[in-house]
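Chemist: The following block contains a protein sequence and its predicted model.
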Amino acid sequence: MNKTWNNKAWFMVLPVLALVALNAVIPLMTVVNYSVQETFGNNVFFFEGVKWYDEVLHSERFHASLFRQLVFTGIILAIEIPLGVAIALAMPRKGPWVSVCLVLMALPLLIPWNVVGAIWNIFALPEIGLLGHSLNALGFDYNYTRQPFAAWFTLILMDVWHWTSLVVLLAYAGLSSIADAYYQAAKIDSASRWAVFRYIQLPKMKRVLTIAVLLRFMDSFMIYTEPFVLTGGGPGNSTTLLSIDLVKIALGQFDLGPAAAMSMIYFLIVLLLSWVFYTLMMRDEDQI
Amino acid sequence: MARIELQNIAHSYFANPAGPEDFAVKELDLTWDDGGAYALLGPSGCGKTTLLNIISGLLTPSRGQVVFDGRDVTQEKPEQRNIAQVFQFPVIYDTMTVRQNLAFPLKNRGVPHNEIAARVTEIARMIELESVLDHKARNLNAEQKQKISLGRGLVRSDVNAILFDEPLTVIDPHLKWQLRSQLKKLHRDFAFTMVYVTHDQTEALTFADKVVVMYEGEIVQIGTPEDLFERPSHTFVGYFIGSPGMNVAPVTIEGRRAILGGHAIELARGYPDLPVGARLELGVRPEFIRFVDTGEGANGEGLPVTVKRVDDIGRFKIAKVELAGVPLSIVAEEDTVIDGDEAHIVFDPDHVHIYADSHLVEGAR
């Protein structure tokens, strides 16, 4: 076979290469650069090797915020995925209420993140906020600015309110793609409601749910704005998640080296966990 | 297996149907005999799937009763009716193996394990899926998936009827014949009552002992394939079945003659009792018109037509002609010589039918 060699094609790829370089590779390399150097100001840098990585990996502080981050992400995934699926299942399939539900569901997603934080900050205030005041009126001692548990409770409630819709919309899209014949066949086969869910709806939603889990995992793992506005990481360090801690180190203490090393570790954790999730969920896709 | 009667069935998808045009299925009576192979034939949107879903119980008819072996099941749910239904697109449970798919309806009904195992093996042999029993169902091809859906219906020993809703739509052409003949074989060997919905006349005519033709929510004819061909009881049947379809032309009747654009056509029957004011049409299949010799020695019989085009399609020729401005199709023998634009034709009087407002009128000998 005669293959035509035409290296002009490479020129076509150049714009993309330049773009990716500008928006991803170069910033990333800057971080890598910082993560292996020490500076005392005046733009003087010394090479330090893996010192910062070593320091971050052995730091109690990093362990604590990583642990908080894992707990936070675990809790919101455990709530938002089942809740989102349940809401999607309860939504009407046809009729005028479909669009009403979809718009209502999409609303939280349209609100800017810092506004979400501000809304919940005020909503949950113990003296004047509707939620905070009501809880106290009901006899609960609730003050999210002072109690770590209350802060976590509010933080999780806020994230569930903000992001469950995303899972709902994805799950609903998955459900809508199931042809009527499946439900009809299930009726004829006397399948129970649970069996319909387990053997028809869940398998058909699998792909979109994988996307939902991945998106929610990544987003929640990198969450910054909302907890920053709501609690600022407090009370104490109780809601200091990874990204908040990172910003404190990088911009609060201006420790560029450790912050850069932590960024790299953070990035690799997200990448690794996403890969693990994806592989696990797609595991039996193409077996006999 | 059961004898299925539909008594005064009508169905509308509207809550308060105003007129006949709101009904997807207009009032009809129909009996499916135990062990019969039926086809429900009609164009898309004629109500055939609606009728099928009424039998299986997926739809409750707006009016009328569904009776299985004398028992009124109108209000019963599909799972209580013991009906098998095969859909247009193969419905399989993706995450299960073929074996689990086949066992599913029995498991749901709480049948004991050893009984399920025996039944599944038996059905797998019947539909020739034994070799793939432990494969994941979703990795099979469309034909095998369709067999799984059929098998899930058959696996219940007390199944009353098997309903097919255009089951061959997604099957490759070369497998269609094969699967259809397997269905026929199943019918012969086990005498299931089968109802087969399709808009493909070849499928209907080859599958069924009796074909029910539907048009705009009504049954226009029930008959054997021969009946439908030789005596279409509605102009739609004539047009829908056959290729090309029946010729239909407006006429007036004078005794034993039909007048078509000034030309008289001899009829085999007389029509003394035609409804007054009805729209009269003559119907004749292209197979029952022939060209006559107009050369030397011809006796001058035949009606003069203009030949528009002739298509040679192998074993015969299809001619498009015009008789007094009315277009007609003619199926002529392969060796027929058609010269020039002018020709003469004769109708076979025994196969010329008269329709009043599209419905066949029985003539008197």
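Modeler: Good, I have the coordinates.

Chemist: next structured bit after the longest helix along chain A?
Modeler: Ranked by number of residues, the top helix in chain A under DSSP state H is helix A:60-90. Downstream of helix A:60-90, the first helix or strand assigned by DSSP states H and E is helix A:97-110.

Chemist: Show me the shaky parts of the stretch 151-300 of chain B.
Modeler: Residue ranges of the stretch 151-300 of chain B with pLDDT under 70: B:294-300.

Chemist: Provide the backbone phi and psi angles at B:Val310.
Modeler: The phi/psi pair for B:Val310 (degrees, to the nearest 10) reads phi -130, psi 130.

Chemist: Report the beta-bridge partners for the closest residue in space to it that isn't next to it in sequence.
Modeler: Sequence neighbours aside, B:Ala319 is the residue nearest to B:Val310 in space, at 4.8 Å (criterion: Cβ to Cβ, 6 or more residues apart in numbering or on different chains). Any C-beta I mention is one placed from the backbone N, CA and C, and that applies to glycine too. B:Ala319 forms beta bridges with B:Val310, B:Ile330, as assigned by DSSP bridges.

Chemist: Flag every buried residue along the helix or strand harbouring A:Ile269.
Modeler: Using DSSP H and E, A:Ile269 falls within helix A:256-282. Using 16 or more other Cβ atoms under 10 Å in any protein chain shown as the test for burial, helix A:256-282 gives A:256-266, A:273-274, A:277, A:281.

Chemist: thinking again about what came up before, compute the distance between the residue nearest to B:Val310 and B:Asp341, please.
Modeler: Plainly put, B:Ala319 is 12 Å away from B:Asp341 if you go by Cβ to Cβ, to the nearest Å.

Chemist: who touches both of those two?
Modeler: B:Val307 (Cβ atoms under 8 Å, 6 or more residues apart in numbering or on different chains).

Chemist: Comparing those two, which residue is more hemmed in?
Modeler: More crowded of B:Ala319 and B:Asp341, by other Cβ atoms under 10 Å in any protein chain shown: B:Ala319, with 24 against 10.

Chemist: heading toward the C-terminus, what's the first helix or strand past the helix ranked longest in chain B?
Modeler: Identified as the longest helix of chain B according to DSSP H is helix B:173-190. Remark: after helix B:173-190, the chain's next helix or strand is strand B:194-198, criterion DSSP H and E.

Chemist: Please state the offset of that next one from the chain centre?
Modeler: From the chain centre to the centre of strand B:194-198 is a distance of 8 Å (Cα atoms, centre = their mean, to the nearest Å).

Chemist: Is there proximity between it and chain A?
Modeler: No - using Cβ under 8 Å from any Cβ of the partner chain, strand B:194-198 stays clear of chain A, with a minimum separation of 13.0 Å.

Chemist: what are the pairing partners of that strand, and which direction each?
Modeler: strand B:37-41 (parallel), strand B:161-165 (parallel).

Chemist: do you know how far B:Leu282 is from A:Met282?
Modeler: 66 Å.

Chemist: returning to that earlier point: between the buried residues of helix A:256-282, which sits nearest chain B?
Modeler: Nearest to chain B among these: A:Met281, at 13.2 Å, using Cβ to the nearest Cβ.

Chemist: what ranges do the strands span in chain A?
Modeler: Counting by DSSP state E, chain A has strands at residues A:37-39, A:45-47.

Chemist: Sorry, wrong one. I was asking about the stretch 201-350 of chain B.
Modeler: Assigned by DSSP state E, counting those that start in this stretch, the strands in the stretch 201-350 of chain B fall at B:210-215, B:218-223, B:247-250, B:252-254, B:257-260, B:263-266, B:280-284, B:289-292, B:303-312, B:316-323, B:326-333, B:342-347.

Chemist: mind listing what's buried in the longest one?
Modeler: Judged by neighbour count using 16+ other Cβ under 10 Å, the buried positions of strand B:303-312 are B:Leu303, B:Val305, B:Val307.

Chemist: Which other helices and strands does it contact?
Modeler: Judged by 3 or more Cβ pairs under 8 Å, 6 or more residues apart in numbering or on different chains; DSSP states H and E, strand B:303-312 is in contact with strand B:316-323, strand B:342-347.

Chemist: Residue numbers of the stretch 151-288 of chain A in contact with chain B?
Modeler: By Cβ under 8 Å from any Cβ, the residues of the stretch 151-288 of chain A that approach chain B are A:179, A:181-182, A:184-185, A:187-192, A:195, A:199-200, A:203-204, A:286-288.

Chemist: So what's the residue count around the one residue in the stretch 1-150 of chain A that gets nearest to chain B?
Modeler: Using Cβ to the nearest Cβ, the single residue of the stretch 1-150 of chain A nearest to chain B is A:Lys94, 12.3 Å away. Burial of A:Lys94 is recorded as 7 neighbouring residues (other Cβ under 10 Å).

Chemist: before we move on, back to that, can you list the buried residues of strand B:303-312 in JSON lines and add pLDDT?
Modeler: Below are the buried residues of strand B:303-312 laid out as JSON lines (pLDDT from 0 to 100):
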{"residue": "B:Leu303", "pLDDT": "84"}
{"residue": "B:Val305", "pLDDT": "87"}
{"residue": "B:Val307", "pLDDT": "88"}
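
Chemist: of all these, which comes closest to B:His353?
Modeler: The closest of the buried residues of strand B:303-312 to B:His353 turns out to be B:Leu303 (Cβ to Cβ; 17.5 Å).

Chemist: Return the residues in contact with the spatially closest residue to the closest one that is not a sequence neighbour.
Modeler: Excluding the flanking residues, the one nearest B:Leu303 by Cβ to Cβ, 6+ apart is B:His263, at 5.0 Å. B:His263 sits next to B:Leu303, B:Leu323, B:Ala324 when contact means Cβ under 8 Å, 6+ apart.

Chemist: just the residues you listed now: which is nearest chain A?
Modeler: For the contacts of B:His263, the minimum distance to chain A (Cβ to the nearest Cβ) is 47.8 Å, reached by B:Leu323.

Chemist: Could you tell me how many residues sit around that closest one?
Modeler: Neighbour count for B:Leu323, taken as other Cβ under 10 Å: 21.

Chemist: and it, what does it touch?
Modeler: By Cβ under 8 Å, 6+ apart, B:Leu323 lies in contact with B:Ala249, B:Leu260, B:Gly261, B:His263, B:Leu303, B:Pro304, B:Val305, B:Ile345.
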